[in-house]
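> Could you work out the structure for the sequence below:
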Amino acid sequence: MKIAIAATSPGTDGQVSSHGARAEYYVIYDTQSGAVVAESNPCADLERGAGPRAAAYLAGKGVDKVAAADFGTRFNRELQASGIECLERSGAVSDVIRESAE
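Numbering: from 1, shown residues only. Model (predicted):
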């Protein structure tokens, strides 16, 4: 399973972003392999349509769940339509990874 964590900085030492679709980065954690990859969010600076585009981007990455402190209505709806579960989380990215590994 792949979990994308909306993050304020790349890597596991950052914080979970309060902006799900407009997070600066997504830290993608693969629960099977333990691999962690941080990627810049190509939708972070979009003026309009960030929610649907970010959902499509994450679906294209094969993500199963997304963790963020807040999900906009359109982002949430598009993620769910793609079969991606939304997890409301806050705090450190490393804590979300640790919780997902258990």
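> Sketch out the strands for the chain, chain order is fine.
All strands of the chain, identified by DSSP state E, fall at 2-7, 25-30, 36-40, 65-68, 85-88.
> for the second one, the distance to its chain's centre please.
Per C-alpha atoms, centre = their mean, to the nearest Å, the displacement of strand 25-30 from the mean C-alpha position of its chain is 6 Å.
> Please apply the same query to the fourth one.
Here strand 65-68 shows a centroid-to-chain-centroid distance of 4 Å under the convention C-alpha atoms, centre = their mean.
> do the first one as well
Strand 2-7 has its C-alpha centroid displaced from the chain centroid by 3 Å (C-alpha atoms, centre = their mean).
> and that strand, what does it pack onto?
Based on contacts counted as 3 or more C-beta pairs under 8 Å, 6 or more residues apart in numbering; DSSP states H and E, the elements that strand 2-7 packs against are strand 25-30, strand 65-68, helix 93-101. From N, CA and C alone the C-beta is placed, and that goes for glycine too.
> Out of the ones you listed, which gets nearest to residue 74?
For the helices and strands packed on strand 2-7, proximity to residue 74 was assessed by C-beta to C-beta; strand 65-68 is nearest, at 13.5 Å.
> could I have the worst-scoring helix or strand of the chain on mean pLDDT exported to PDB, CA atoms only?
Lowest on mean pLDDT, DSSP states H and E among the helices and strands of the chain sits helix 93-101, with a mean of 92. Presented in PDB, the C-alpha positions along helix 93-101 are these (Å, rounded to 0.1, in the frame of the first residue of the first chain):
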ATOM      1  CA  VAL A  93       5.500  13.100   8.900                       C
ATOM      2  CA  SER A  94       7.600  10.400  10.700                       C
ATOM      3  CA  ASP A  95       4.700   9.800  13.100                       C
ATOM      4  CA  VAL A  96       2.300   9.200  10.300                       C
ATOM      5  CA  ILE A  97       4.800   6.700   8.800                       C
ATOM      6  CA  ARG A  98       5.400   5.000  12.100                       C
ATOM      7  CA  GLU A  99       1.600   4.700  12.700                       C
ATOM      8  CA  SER A 100       1.100   3.300   9.100                       C
ATOM      9  CA  ALA A 101       3.900   0.700   9.700                       C
END
